[in-house]
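structure for this input, please:
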Amino acid sequence: MNAIIFSPELWMLAIAGVFLIRAMIPPNAARDYQIALVMATLAVGVCLAALGFSGNLFAGTYRIDLFSQCYKCLLSTGLFLVVCLCNNLRGIRTGLQPEFYLLLAVSTLAMMMLVSSAHLLTIYMALELSSYSLYILVALGRDRDLAIRAGIKYFLVGASASAVMLFGMAMVYGAAGTAYLGELARVLPPLLERPSAAIGLLLILGGFFFKLAVFPFHFWAPVVYAGAANQVAAYIATVSKVAAVAILIRVAAMGSSTYMVHVLAILSIVSMTVGNLAAIAQKDLKRLLAYSSVAHGGYVLIGILSMDAAGYAAATFYALAVLVMKFTCFMVVIKVAGDGGNPAIADLAGLHRRAPLLAMALMMALFGLAGIPPTIGFTGKLLLFTAAMTQGHLALILIAMINVVISLYYYLHVLRAAYLLEPVDNAARVYRETVPIKVMSVVMIAAMVILGIYPQQLIQLINQAVGL
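Numbering: from 1, shown residues only. Below you'll find the model as predicted:
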């Protein structure tokens, strides 16, 4: 029975094992891609089949419930979508494709373990395993110097965030006398009136702010997005953000205080504002998406600081929305930059004529990120703002809405390039649509619109997962 409820993790371990063996034999990029695609597809099926499983493993340090299983479905879906874009890994150094898939599988396995962790030490170990896999993935980029610099900066910021988080865990353990999340949820709330316990909990959250690229742990994002291969940047922008939201909810649910809510509100405001203002000046599309991720980390905090089930459900729905919308944006990045490089916004010129479905998918994704109806992004922001409004955070909502208007400027700037500009010459880096890309574009457009208009069943499942 334990093996059955642990099946998503075991399957990811199997994928890692397959590519560990593949890394020891002469590389075959086409074969590696086919194996990864089949196994990633089956991973989604395994996670869906395990959706109703529940239980506790490893002396209660590992909790399997509807909440964790829903997030594992999101993680496996994100992995599958990223692998779908890996048929042309020109951004990865030649011969390292098996290592690329191995690290993707290990990172996803670690994130699955992270969302089920019910003990501070298992959280730390899972987060570190995931982070170190990502550091190496970034360093595998084709431009060796740029990739290694990005990987080192990612590592240094991540190591600092891990040290902060570990110190916070020590403070919380010292105040509460336990490291189990279930027991902490019972004994910690009264202790949060003490500065040591409140500061310790905030320091723990700081480690997850790094994964979410929330201020002040956001400095790595533009450098890493620009230095990593496009597929790696897509994975960091989507899958890792889902895991960060899940564990933020787990830890925030242990208890809250007025002091902590105020700090989270300040971080939310600064992240939204810094991310959106910095994105306006960007000419490189990946750097723009990096600063956009900083802003969306601030939006997610609006749901977290509500400190109730409605806020956690809204944050979960928004994590799904960001996964779909950011993946669609990076799908365009990968297909426009066929050589594996970093496309500028100007490289989108003429996209609407040469790849109309791809341009349409980009438009719907950017409209969703800006919160324009009837997209999934609008529904996600509506849920976040509603949850915060019920807790009396009116000023925060007004600031968030101002930031939404600011973000609309640079998203429309990208769409202007795709729809109103003509390429300077016929050699512009614009991808011509193939059948798989057309199918994927249609699926993404349908997902963004249908889940934006009819989200009821999905919201109902999320409400059950967070205990609403």
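
test for you: state the pLDDT assigned to the closest residue to residue 58 other than its chain neighbours.
Of all residues not flanking residue 58 in the chain, residue 122 sits nearest, at 7.5 Å (Cβ to Cβ, 6 or more residues apart in numbering). For the C-beta atoms, the positions are set from N, CA and C on the backbone; glycine is no exception. The score at residue 122 is 90. That number is its pLDDT.

what's the neighbour count on residue 122?
Neighbours of residue 122 under the rule other Cβ atoms under 10 Å: 20.

now do the buried residues in the helix or strand it falls within.
Using DSSP states H and E, residue 122 falls within helix 120-139. Residues of helix 120-139 classed as buried: 120, 122-139 (neighbour count, 16 or more other Cβ atoms under 10 Å).

okay, now the unreliable bits of the protein?
Within the chain, the stretches with pLDDT under 70 are 1-2, 255-256, 339-340, 424-433, 468.

for it, just list every one of the strands.
Here the chain has its strands, by DSSP state E, at 55-57, 62-64.

out of those, indicate the one that is most buried.
Compared across the strands of the chain, strand 62-64 shows the largest average neighbour count, a mean of 21 (mean count of other Cβ atoms under 10 Å).

would you mind listing the outside residues contacting it?
Contact with strand 62-64 is made by 5-6, 53-57, 113, 116-119, 122, 181-182, as judged by Cβ atoms under 8 Å, 6 or more residues apart in numbering.

and the longest helix anywhere in the chain, how far out from the chain's middle?
Taking DSSP state H as the criterion, the chain has its longest helix at helix 144-176. Taking Cα atoms, centre = their mean, to the nearest Å, the mean C-alpha location of helix 144-176 is offset from the chain mean by 18 Å.

how many neighbours does residue 196 have?
Residue 196, neighbours per other Cβ under 10 Å, totals 13.

what about it, distance to residue 395?
For residue 196, the distance to residue 395 (Cβ to Cβ, to the nearest Å) stands at 29 Å.

and for residue 341?
With distances taken as Cβ to Cβ, residue 341 is found 43 Å from residue 395.

returning to what we had before: counting neighbours, which of the contacts of strand 62-64 comes out on top?
Neighbour max across the contacts of strand 62-64 (other Cβ under 10 Å) = residue 116, 30 neighbours.

check contacts around it.
Contacts of residue 116 by Cβ under 8 Å, 6+ apart are 62, 63, 64, 68, 72.

so who does the closest residue to residue 326 other than its chain neighbours touch?
Sequence neighbours aside, residue 237 is the residue nearest to residue 326 in space, at 4.6 Å (criterion: Cβ to Cβ, 6+ apart). For residue 237, the contacting residues are 225, 289, 290, 293, 326, 327, 330, by Cβ under 8 Å, 6+ apart.

how about the closest residue to the fourth one other than its chain neighbours, phi and psi?
The one in question is residue 293. Distances taken as Cβ to Cβ, 6+ apart place residue 213 nearest to residue 293, at 5.1 Å, with adjacent residues excluded. The phi/psi pair for residue 213 (degrees, to the nearest 10) reads phi 60, psi 40.

doesn't residue 294 make contact with residue 213?
Yes: counting by Cβ atoms under 8 Å, residue 213 does reach residue 294; the two are 5.0 Å apart.

looking at the two, which is more packed in?
Taking neighbours as other Cβ under 10 Å, residue 213 and residue 294 compare with residue 213 leading, 31 against 26.

tell me who's in contact with that one.
220, 221, 241, 290, 293, 294, 297.

quick one: contacts for the fourth one?
This points to residue 290. So residue 290 contacts 213, 221, 222, 224, 225, 226, 237 (Cβ under 8 Å, 6+ apart).

closest to residue 308 out of the residues you listed?
Taking Cβ to Cβ as the measure, residue 308 lies nearest residue 213 of the contacts of residue 290, at 24.7 Å.

any idea how far that closest one lies from residue 24?
For residue 213 relative to residue 24 (Cβ to Cβ), the value is 35 Å.

how much space between the one residue sitting closest to the centre of the chain and residue 24?
Nearest residue to the geometric centre of the chain (Cα atoms, centre = their mean): residue 241, 2.1 Å. The gap separating residue 241 from residue 24 is 33 Å, by Cβ to Cβ.

likewise residue 9?
For residue 9, the distance to residue 24 - Cβ to Cβ - is 23 Å.

the more surrounded of these two?
In this comparison of residue 9 against residue 24, neighbours counted by other Cβ under 10 Å, the higher total goes to residue 9 at 22 against 8.

and the contacts of residue 116, which is closest to residue 457?
Using Cβ to Cβ, residue 72 is the member of those that lies nearest residue 457, at 19.1 Å.

I'd say the closest one and residue 114 touch.
No: using Cβ under 8 Å, residue 72 is not in contact with residue 114; the gap is 10.3 Å.

before we move on, the earlier item: show me the two of the contacts of residue 213 that sit farthest apart.
220 and 241, at 13.7 Å, using Cβ to Cβ across the contacts of residue 213.

contact partners for residue 253?
Residue 253 touches 185, 312, counting by Cβ under 8 Å, 6+ apart.

that one and residue 247: what is the separation?
Residue 253 is 11 Å from residue 247, by Cβ to Cβ.

got it, and residue 435?
Distance check for residue 435 against residue 247: by Cβ to Cβ, it reads 38 Å.

between these two, which has more neighbouring residues?
residue 247 (24 against 7).

verify the stated contact: that one with residue 124.
No: between residue 247 and residue 124 there is no contact under Cβ under 8 Å: 10.7 Å.

related to what we said a few turns ago, reformat the strands of the chain as CSV; add distance to residue 85.
Shown next, in CSV, are these (distance: least, Cβ to Cβ, whole Å):
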stretch, distance to residue 85
strand 55-57, 33
strand 62-64, 30
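
out of those, which gets nearest to residue 40?
strand 62-64 (21.4 Å).

how far does the closest one sit from the chain's center?
How far strand 62-64 lies from its chain's middle: 21 Å, per Cα atoms, centre = their mean.

which residues touch the closest residue to residue 321 other than its chain neighbours?
Leaving aside its sequence neighbours, residue 321 sits nearest to residue 380 (Cβ to Cβ, 6+ apart; 3.9 Å). Residue 380 sits next to 314, 317, 318, 320, 321, 322, 371 when contact means Cβ under 8 Å, 6+ apart.

name the nearest of the residues you listed relative to residue 172.
Proximity of the contacts of residue 380 to residue 172 (Cβ to Cβ) peaks at residue 314, which lies at 25.8 Å.
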